[in-house]
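Peer 1: Give me the fold of what follows.
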Amino acid sequence: MFPCSSCGACCRSIAQIEELREYDLGNGICKYFDIQNMICKIYEIRPDICRIDLMFEKEYFKYYNEKEFYKLNAEVCNKLQVKFNIDKKYNINLGE
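Peer 2: Below is the predicted model of the structure:
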């Protein structure tokens, strides 16, 4: 299972994700992201594209093994955290 730290960085970076176009407030932030509490207001019913493990099983297993896929997601996540000046305690560390 991907070790998401629930930092919300991905929820503030959806502008280029076609599957999330209808969720974008117009500034790249998901309309269901509660910025005050740093939580997804629809977490239990969030879109598949927001579910790293599910997307690996449905689609990305064709292109990567699970370790590679998690590593790519962790790299993007950590870069987004830097972009949004999020505390390093939220960094994804895969123990490599």
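Peer 1: For this structure, which segments count as helices?
Peer 2: Secondary structure of the chain (DSSP state H): helices at 52-58, 66-83.
Peer 1: who does the longest one touch, helix- and strand-wise?
Peer 2: What that stands for is helix 66-83. Using 3 or more Cβ pairs under 8 Å, 6 or more residues apart in numbering; DSSP states H and E as the contact criterion, the elements in contact with helix 66-83 are helix 52-58. For the C-beta atoms, the positions are set from N, CA and C on the backbone; glycine is no exception.
Peer 1: re the thing from before, who wins for proximity to residue 35 among the helices of the chain?
Peer 2: Distances from residue 35 to each of the helices of the chain were compared by Cβ to Cβ, and the smallest falls on helix 66-83, at 14.6 Å.
Peer 1: How much space separates the closest residue to residue 73 other than its chain neighbours from residue 63?
Peer 2: Excluding the flanking residues, the one nearest residue 73 by Cβ to Cβ, 6 or more residues apart in numbering is residue 52, at 5.5 Å. Shown here: residue 52 relative to residue 63, a distance of 14 Å by Cβ to Cβ, to the nearest Å.
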